[in-house]
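Participant: Provide a 3D model corresponding to the input given below.
(one chain, ligands or ions: 1)
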Amino acid sequence: MTTHSEPLDSVLDAVGETPLVRVQASPADVPVYAKLESFNPGASVKDRLGVYLVEQHLERGDIHPGGTVIEPTAGNTGIGIALAATQFDVDAMFVVPEKFSVEKQILMRALGATVVNTPTEEGMTRAIEHAHELADDMDNAVVPQQFASPLNADAHEQTTGPEIWEALDGEVGAVVAGCGTAGTLMGVARYVLDRQPDAHITAVEPEGSLFARTAGGEVEQHEYNIEGIGTSNLATNELYDPELVDEVRQVSDRDAQVELKRLAREEGHLVASSAGAASVAALDVAERIAAGTLDVPHETVVTVFPDSSERYLSKGIYDSYEEWVDDT
Ligand code: PMP
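Facilitator: Below you'll find the predicted structure:
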């Protein structure tokens, strides 16, 4: 499914080099380009992180062959790590809040990993705690902790960022991406800002999430349906650096779902809710550039579509808004 054209030795060699495709609803003279991360073998942006984390922790001696990688994860990171674990001599174990999609948990188990659930109402904070409790009881185990590990943003600074830059010959005016751990946005933003300090950086989150508070936004925390982005506790998002971000754009569940359905029907993209939110925000940035109300060094906007809607069919992602929200 990737854009690689040579025969490869292992599934790990198929991670990255994903296509960058113009969003056709972009203003005519300000294209939005979306990086289609479902083209990775584990079908999400997190394959990049999974491979990089396992490789780095083995190389550094944090674990040795035969050891266990234990990670609190909403799912996609688990799939990425589990996929990498099949190719290195390590086991994978994941701590997942119950609310996250059952498809992801089935896939992690299919890749040979162990999945431990924590109560939905205790959120990622409890999942993180429990991962450390499990690791403390084991020899030869590591908790990469994607929410705090600099390796997370590094993975994107070394792969996603350069791929975008090269595909557009450095003509990147704005970067718009959803933030969960914020590894994707921080890594890409760092790579782009090092080369184009005036590029405009937009963080995207669901309404009900709290990244906006880092930019002085008076937002209230509440539940949301968009999966994979947002935070209810900023203290856990250690990677998020407000200094790199020009604005935080909140997107409602309803707008994200309208857009992901439009992307499927009109443009042929089978992408999920965090991509719907990213697309809403990226098109908004492009429209402001086209209207002359936002100044950027190049009239080109880049965003990331992190994964595929197939992973959320059991949650009614293509049903009515009410059914989608009720299914969660
Ligand atoms: N979308 C989805 C579906 C995800 O699983 C994630 C990862 N949590 C993201 C977006 C956000 O990526 P990041 O953690 O790099 O901010």
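Participant: For stretch 319-328, give the mean pLDDT please.
Facilitator: Here stretch 319-328 scores 89 as its mean pLDDT.
Participant: again, but for stretch 124-135
Facilitator: 91.
Participant: now swap in stretch 214-222 and tell me
Facilitator: What stretch 214-222 shows for mean pLDDT is 96.
Participant: Could you work out the end-to-end span of it for me?
Facilitator: 17 Å (C-alpha to C-alpha, to the nearest Å).
Participant: Equivalent analysis for stretch 203-215, please.
Facilitator: Taking C-alpha to C-alpha as the measure, stretch 203-215 stretches 11 Å from start to finish.
Participant: all helices in the stretch 101-250 of the chain, in order from the N-terminus.
Facilitator: With helices called from DSSP state H, counting those that start in this stretch, the stretch 101-250 of the chain shows them at 102-110, 123-136, 150-158, 160-167, 183-195.
Participant: Please, where are all the strands along the stretch 151-300 of the chain?
Facilitator: 174-178, 200-206, 247-251 (DSSP state E, counting those that start in this stretch).
Participant: Quick one: closest of the ones you listed to residue 79.
Facilitator: If you check each of these against residue 79 by C-beta to C-beta, strand 174-178 wins as the nearest, at 17.5 Å. For the C-beta atoms, the positions are set from N, CA and C on the backbone; glycine is no exception.
Participant: partner strands of that closest one, parallel or antiparallel?
Facilitator: Strand 174-178 has its sheet partners listed here by DSSP bridges as strand 200-206 (parallel), strand 301-305 (parallel).
Participant: got the angle for it vs strand 247-251?
Facilitator: Counting by axes from the mean of the first three to the mean of the last three C-alpha atoms, to 10 degrees, strand 174-178 lies at 50 degrees to strand 247-251.
Participant: Need the residues that contact strand 174-178.
Facilitator: Residues from elsewhere that reach strand 174-178, judged by C-beta atoms under 8 Å, 6 or more residues apart in numbering: 32, 164, 184-185, 188-189, 192, 199-205, 228-229, 249, 274-275, 277-278, 281-282, 285-286, 289, 294, 296, 300-304, 306.
Participant: Tell me if that strand is near the ligand.
Facilitator: Yes: among the residues of strand 174-178, residue 178 lie within reach of the ligand under C-beta under 6 Å from any ligand atom.
Participant: Numbering from 38 from now on, please.
Facilitator: Sounds good: first residue 38 from here, last item strand 211-215.
Participant: could you give the mean pLDDT of that strand?
Facilitator: Averaging pLDDT along strand 211-215 yields 99.
Participant: What of stretch 130-139?
Facilitator: Throughout stretch 130-139, pLDDT has a mean value of 84.
Participant: distance between that stretch and the chain's centre?
Facilitator: 16 Å (C-alpha atoms, centre = their mean, to the nearest Å).
Participant: Endpoint to endpoint, it covers what distance?
Facilitator: Start-to-end span of stretch 130-139 (C-alpha to C-alpha) is 16 Å.
Participant: Residues contacting it, please?
Facilitator: Residues from elsewhere that reach stretch 130-139 (C-beta under 8 Å, 6+ apart): 105-112, 115, 118-119, 141-142, 145, 150-157, 159-161, 163-165, 167-168, 171, 264, 348-349, 351-352, 365.
Participant: List buried residues within the residues you listed.
Facilitator: By neighbour count, with 16 or more other C-beta atoms under 10 Å, these hold 105-112, 115, 118-119, 141-142, 145, 150, 152, 155, 160-161, 163-165, 167-168, 171, 264, 348-349, 352, 365 as buried.
Participant: so what's the closest residue to the ligand within the stretch 188-337 of the chain closest to, chain neighbours aside?
Facilitator: Proximity of the stretch 188-337 of the chain to the ligand (C-beta to the nearest ligand atom) peaks at residue 265, 2.4 Å away. Leaving aside its sequence neighbours, residue 265 sits nearest to residue 311 (C-beta to C-beta, 6 or more residues apart in numbering; 4.3 Å).
Participant: Let me know how buried that neighbour is, in neighbour terms.
Facilitator: 31 (other C-beta atoms under 10 Å).
Participant: got the contact list for it?
Facilitator: With C-beta under 8 Å, 6+ apart, residue 311 has these contacts: 215, 217, 263-266, 293, 343-344.
Participant: any idea which of these is closest to residue 76?
Facilitator: Closest approach between the contacts of residue 311 and residue 76, by C-beta to C-beta: residue 344, at 10.4 Å.
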